[in-house]
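Chemist: what follows is a predicted protein model with its sequence.
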Amino acid sequence: MSAMLKAVVAAVKLVAAEEIMPRYLKVAHQRKSDGSLCTEADMAAQTALSRKLQAILNVPVLGEEMSAVEQHALWQAGNDGLWCIDPLDGTSNFVRGLPYFAVSAALLREGKSVLGVVYDPVADEVFAAEQDRGAFLNGEKLVGREAVESLEEALANVDLKRLDMKLVARLAAHPPYSSQRNFGASALDWCYTAAGRYDVYLHGGQKLWDYAAGTLILREAGGHACCIENDDFAQGDIWQRSVIASRGAQLFEQWKNWIRAQQ
């Protein structure tokens, strides 16, 4: 791990310890205009993490808890360098006491993730990656469990909310996999896929901060991802990008082909 990646890991862990975990199960929440939850922990973590990341590299910070106008302006201005953060991915879980949430931070250059960190403070697991330098779990090379060979054996992570209803009905009535999970924190979903804890992953539409760190971690772990609509994940809509993913190449092709056959 490079000095910069180590510094980002340290910053993310410190923010989680100081701003997030002391508020776990103790903080009030409110709903944003899109219906999603926001807490004092989200806002405090975003402020603290933005400050710490800019001390590492002084480029703009785009955070989930900003207005859409601010986010779009920062995206346009951040071609030479942009931090993208989700200070608390899985806020609904955090509020209800479900121990599946994370802090996510990524550095983007020319619109592409070159460094990413996702930290689960409950499990104390740090997933991290740098472009062309590999993926790591708690500082060690990320070596995931061996992928199953067939889709019929797979454990799938499927978020149904933004999928086409025809596909949802097919998944409900005739799932091609062995079993299904979804716990509501996209950044961790990517990392669990990278580690082989999930064999395949499907999501109907993620925001930039949902996938910015995770997609790099999966890719550097040897995994594969595309959108439902096209093979090049990077060509999807920045603000609402669908996901088909798997760590295993053979399984990825089976999963992608099955999904597209339902369209």
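Modeler: Sure thing, it's come through.

Chemist: what strand or helix carries Leu218?
Modeler: Using DSSP states H and E, Leu218 sits in helix 208-220.

Chemist: chain center to the helix or strand that that helix is followed by: distance?
Modeler: Later in the chain than helix 208-220, the nearest helix or strand by DSSP H and E is strand 224-226. Distance, stretch centre to chain centre, for strand 224-226: 13 Å (Cα atoms, centre = their mean, to the nearest Å).

Chemist: same deal with stretch 53-64?
Modeler: Here stretch 53-64 is found 18 Å from its chain centre; the criterion is Cα atoms, centre = their mean.

Chemist: tell me, how many residues neighbour Ala73?
Modeler: Ala73 has 14 neighbours, counted by other Cβ atoms under 10 Å. Just so you know, the C-beta spots here come from the backbone N, C-alpha and C atoms, and that holds for glycine as well.

Chemist: what bridges to the nearest residue to Arg219 once chain neighbours are set aside?
Modeler: In space, and not counting its chain neighbours, Arg219 is closest to Ala225: 7.1 Å by Cβ to Cβ, 6 or more residues apart in numbering. For Ala225, the beta-bridge partners under DSSP bridges are Ala245.

Chemist: contacting residues for Tyr24?
Modeler: Ala41, Phe94, Gly97 (Cβ atoms under 8 Å, 6 or more residues apart in numbering).

Chemist: give me the spatial nearest neighbour of the last one, chain neighbours excluded.
Modeler: By that I understand Gly97. Gly97 sits nearest to Leu25 (Cβ to Cβ, 6+ apart), 5.3 Å away.

Chemist: helices or strands up against the longest helix along the chain?
Modeler: Counting by DSSP state H, the longest helix found in the chain is helix 40-56. Packing partners of helix 40-56 (3 or more Cβ pairs under 8 Å, 6 or more residues apart in numbering; DSSP states H and E): helix 3-15, strand 61-63, strand 82-89, helix 91-96, strand 102-109.

Chemist: what comes up buried for that helix?
Modeler: Ala41, Asp42, Ala44, Ala45, Gln46, Thr47, Ala48, Leu49, Ser50, Lys52, Leu53, Ile56 (16 or more other Cβ atoms under 10 Å).

Chemist: please look at the last one and Lys6 and confirm they touch.
Modeler: No. Between Ile56 and Lys6 there is no contact, the gap being 10.1 Å when judged by Cβ atoms under 8 Å.

Chemist: report the distance from stretch 90-104 to the chain centre.
Modeler: 13 Å.
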